[in-house]
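Participant: need a structure here:
(one chain, ligands or ions: 2)
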Amino acid sequence: MSEEEIAKLPGVGPAILDKLREAGYNDLMMIAVDSPRNLAELTEIGEATAAKIIAAAKKAADVGGFETGDVILERRKTVAKLGSCSKALDELMGGGFETRAITEFFGEFGSGKTQLCHQMAVNTTKPVADGGLDGHTIMIDTEQTFRPERITQMAEASELDPDEVLKKIHVARAFNSHHQTLLVDKAFETAKEFPVRLIVVDSLTAHFRAEYIGRGALAERQQMLNKHMHDLLRFGDVHNAVIAVTNQVSAKPDAFFGDPTRPIGGHIVGHTATFRIYLRKSKGGKRIARLIDSPNLPEAEAVFMVSEAGISD
Ligand code: GTP
Ligand code: MG
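Facilitator: Residues are numbered from 1 along each chain as shown. Ligands and ions are numbered 1, 2, ... in the order given. From the prediction side, this is the model:
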């Protein structure tokens, strides 16, 4: 549908359509809101041609104007919430993890980021009445920490059929940051076939941190991360899906951000994530989650457990 609309733009022939597709432009709006310079760079077409295509896309797309609060409230009503299996954590989140928003878990190794992502994937398969979304999950696994065995344990603890749950979790390993970003396009394809209601990127930042080293690379890294996160937001919007990403705080001072308790990814990740949850370990399997940044919820803490059965109070 979207691609057909792009193909109809004046000045877009099959060759340019291919270039646009390869650069990840699969939606009229993506073109309409881009700058000629960026589009030209990504697609390797001339800047003048890019400007013409953008102008045409602006005309064809409904770039939108202002909306009144009541219209926005109506749309907010379609936002669904995914449970975590911890009442305290759900309460912290105002009833669960919201769709159409990015929730970022950050914390040091072993703080429970990956465990939470596994639990969310299991819970997504549950019916809405049980805190689920009756849907499938896409997992972009950058550290190869997805464990089907953990899914089985968590599914059994929730009295779900593990095989059915595993069939609803679509996992792809991302080998580098570029591959990671391309997998979001793949996610759009998978979502044509399955009702995907959760997309996880665990870890969002690890590849970026490993690949873009030194001050000179910082701007480019942030630019790539920014685009990646906006692609994820778009996925969440189109599919009314929860977006969960993880981010490790460095135990050692980061080259860019001296403070070891600050999440990597700097202000780009922080500003684009809708909810940021800082996780830390406590005694006896306990974890403390602190909601740091939210547009509508107070800053507060919740205590939950990580055990063989998964997340619980
Ligand atoms: P990094 O990815 O290394 O940054 O850490 P993370 O925040 O993703 O940590 P993760 O979610 O993988 O948490 C790992 C911790 O969860 C372990 O150290 C255990 O404390 C706990 N855990 C994982 N599996 C089990 C389990 O089967 N039983 C119990 N009791 N705890 C578990
Ligand atoms: Mg992890």
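
Participant: mind checking pLDDT for the nearest residue to residue 206 once chain neighbours are set aside?
Facilitator: In space, and not counting its chain neighbours, residue 206 is closest to residue 142: 5.4 Å by Cβ to Cβ, 6 or more residues apart in numbering. For every residue, glycine as well, the C-beta is placed using N, CA and C. At residue 142, the model reports a pLDDT of 97.

Participant: just for the stretch 51-200 of the chain, where's the confidence low?
Facilitator: 64 (pLDDT under 70).

Participant: residue in it nearest to ligand 2?
Facilitator: residue 114 (3.2 Å; Cβ to the ion).

Participant: who's the closest spatial neighbour of that residue, skipping the chain neighbours?
Facilitator: Nearest to residue 114 is residue 145, by Cβ to Cβ, 6+ apart, at 5.0 Å.

Participant: so how many other residues sit close to residue 7?
Facilitator: 14 (other Cβ atoms under 10 Å).

Participant: now the residue lying closest to it once chain neighbours are set aside: which helix or strand?
Facilitator: Distances taken as Cβ to Cβ, 6+ apart place residue 17 nearest to residue 7, at 5.4 Å, with adjacent residues excluded. Using DSSP states H and E, residue 17 maps to helix 14-22.

Participant: same thing with residue 280?
Facilitator: If you go by DSSP H and E, residue 280 is part of strand 275-281.

Participant: does any part of that strand sit near ligand 2?
Facilitator: No - using Cβ under 5 Å from the ion, we find that strand 275-281 stays clear of ligand 2, coming within 10.5 Å at best.

Participant: who touches that strand?
Facilitator: Residues outside strand 275-281 that contact it (Cβ atoms under 8 Å, 6 or more residues apart in numbering): 92-93, 97-98, 101-108, 110-113, 116, 263, 270, 287-294, 297.

Participant: kindly report the same for stretch 172-189.
Facilitator: 24, 26, 138-142, 144, 196, 199, 201, 207-208, 211-212, 224, 227-228, 231-232, 235, 238.

Participant: which members of the residues you listed occur in helices, if any?
Facilitator: The members of the contacts of stretch 172-189 that map onto helices under DSSP state H are 207-208, 211, 224, 227-228, 231-232, 235, 238.

Participant: which stretch of helix or strand covers the closest residue to residue 39 other than its chain neighbours?
Facilitator: The spatially closest residue to residue 39, leaving aside those adjacent along the chain, is residue 50, at 4.2 Å (Cβ to Cβ, 6+ apart). In the assignment (DSSP H and E), residue 50 maps to helix 47-60.

Participant: buried stuff in that helix?
Facilitator: Going by neighbour count (16 or more other Cβ atoms under 10 Å), the buried part of helix 47-60 is 49-50, 52-57, 60.

Participant: would JSON lines of those with distance to residue 77 be doable?
Facilitator: Shown next, in JSON lines, are the buried residues of helix 47-60 (distance: Cβ to Cβ, whole Å):
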{"residue": "49", "distance to residue 77": "42"}
{"residue": "50", "distance to residue 77": "38"}
{"residue": "52", "distance to residue 77": "40"}
{"residue": "53", "distance to residue 77": "36"}
{"residue": "54", "distance to residue 77": "34"}
{"residue": "55", "distance to residue 77": "35"}
{"residue": "56", "distance to residue 77": "35"}
{"residue": "57", "distance to residue 77": "30"}
{"residue": "60", "distance to residue 77": "29"}
